[in-house]
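K.L.:
Predicted model follows, preceded by the sequence.
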Amino acid sequence: MQSWGSEAVLDRADNRRKVPEWVSAQWCRSGAQLLVVDAEGQVATDETMSRPQGVPTSGNYNAQIHTFLGLVDNVPWFTAEGPVTGPRASLRHLGAVSGGAALELVVGAVALTAWHRLEPYCPGCGARTRAAAGGVTRRCPACSRVQFPRTDPAVIVAVIDPDDRLLLGRQASWDRGRMSVLAGFVDAGESLEHAVHREVFEEAGVRLREVRYFGSQPWPFPRSLMVGFVADAASSDITIDRVEIEEAAWFSRAELASALAEDRVRMPGPASIAHRLITAWQGRLLG
């Protein structure tokens, strides 16, 4: 499980990628790799479906098709959308079994290919934009506006009550038994901490005393950045909003272990920061 807290392995070459000739030269280097992403966001993998599988770059470099992801151990990596033949896997799957540079490549590839596909037009004048800086920006030829990939911040929080119990909730759209810590998008003009207080109170009616940063995770479904927190509840009273949350409850460690063993509760996927927050609480690792 990737923690995303250490220094990145992928060198995005931020300054050099702004030179088109340099990016084109990386495409032509011996060993350069292309990671293909299909229209469903799945990437090519090795036979074990545990690591992304690139193919050697070939043909001419096209700045409007090929996006430069960066360098891994001085090996250039590119991505493009297209059909994937052979083994393939989603980011949710690879996030649970992969890590390090491999996962950084997949997250970047999935996020950038989706962005180029979904947002090809200038938000200022409506003209079709063109990829620039190796594919991490789009420039409008009509009004010169530069567009960057959009990232939607969302908070996710492990709420702990005075009895050291964890608050878990279930959205109405989820399968019965699936529960997670509370989360929500940050509103315009709102701080991350304000969003934590608001979301927890809106969904569960719980007031918080203290909010502490835990960590973050890129989550390109299609373009979120999950920012994790730990919060102390002022009381154990719950008032469910019945709009976003259908049920919510406090769990001691023994209660959660029993519920998981009996399949009354199912955890979030191991690729998610929600899973990491819950397991950190289970292991008494939340300060």
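P.N.:
Nice, thanks for sending it over. Numbering: from 1, shown residues only.
K.L.:
okay, now Ala188: neighbour count?
P.N.:
4 (other CB atoms under 10 Å). Backbone N, C-alpha and C define where each C-beta goes, glycine included.
K.L.:
Name the helix or strand for Leu260, please.
P.N.:
Leu260 belongs to helix 253-261 when assigned by DSSP states H and E.
K.L.:
Give me the domain ranges for the protein.
P.N.:
16-118, 152-282 (automatic domain parsing).
K.L.:
distance between the ends of the last one?
P.N.:
One end of domain 152-282 sits 29 Å from the other (CA to CA, to the nearest Å).
K.L.:
tell me the mean pLDDT for it?
P.N.:
Across domain 152-282, the average pLDDT comes to 95.
K.L.:
and that domain, how far out from the chain's middle?
P.N.:
Computed by CA atoms, centre = their mean, to the nearest Å, the chain-centroid distance of domain 152-282 equals 16 Å.
K.L.:
ok, back up a step: can you add distance to Val136 and give the domains of the chain back as CSV?
P.N.:
Shown next, in CSV, are these (distance: least, CB to CB, whole Å):
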stretch, distance to Val136
domain 16-118, 7
domain 152-282, 13
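K.L.:
Quick check: which of those is nearest to Thr129?
P.N.:
domain 16-118 (9.5 Å; CB to CB).
K.L.:
What is the end-to-end distance of that closest one?
P.N.:
First residue to last in domain 16-118 (CA to CA) measures 26 Å.
K.L.:
And the contacts of stretch 271-280?
P.N.:
With CB atoms under 8 Å, 6 or more residues apart in numbering as the test, stretch 271-280 has contacts from 1-3, 91-96, 156-158, 166, 168, 180-181, 183, 214-217, 219, 226, 228, 230, 256, 267-269, 286.
K.L.:
show me what contacts the one residue sitting closest to the centre of the chain?
P.N.:
In the chain, the residue lying closest to the centroid (CA atoms, centre = their mean) is Trp219, at 1.2 Å. Counting by CB under 8 Å, 6+ apart, Trp219 touches Ala154, Leu225, Met226, Ser272, Ile273.
K.L.:
What number of residues are in the vicinity of the third one?
P.N.:
Around Met226 sit 21 other residues, with neighbours defined as other CB under 10 Å.
K.L.:
Show me what the helix or strand harbouring it pairs with in its sheet, parallel or antiparallel.
P.N.:
Using DSSP H and E, Met226 falls within strand 224-233. Applying DSSP bridges, strand 224-233 is found paired with strand 152-160 (parallel), strand 208-219 (antiparallel).
K.L.:
so which of the ones you listed is the most packed in?
P.N.:
strand 152-160 (a mean of 21; mean count of other CB atoms under 10 Å).
K.L.:
So what touches the next helix or strand after it?
P.N.:
Toward the C-terminus, strand 152-160 is succeeded by strand 166-170 as the next helix or strand (DSSP H and E). Strand 166-170 has contacts (CB under 8 Å, 6+ apart) with 158-161, 177-182, 200, 203-204, 206, 233, 238, 240, 245-251, 256, 265, 278, 281.
K.L.:
Mind checking which of those are in strands?
P.N.:
Ala158, Val159, Ile160, Leu182, Ala233, Glu247, Ala248, Ala249, Trp250, Phe251 (DSSP state E).
K.L.:
The last one contacts Arg165, doesn't it?
P.N.:
Just to be clear, that refers to Phe251. Yes: contact criterion CB atoms under 8 Å: Phe251 and Arg165 qualify, at 5.8 Å.
K.L.:
distance of Thr45 from Leu208?
P.N.:
Noted for Thr45: a distance of 41 Å to Leu208, by CB to CB, to the nearest Å.
K.L.:
contacting residues around Arg253?
P.N.:
By CB under 8 Å, 6+ apart, the neighbours of Arg253 are Trp281, Gln282.
K.L.:
Kindly recompute the last result at 10 Å.
P.N.:
Asp164, Arg165, Leu166, Trp281, Gln282, Gly283, Arg284 (CB atoms under 10 Å, 6 or more residues apart in numbering).
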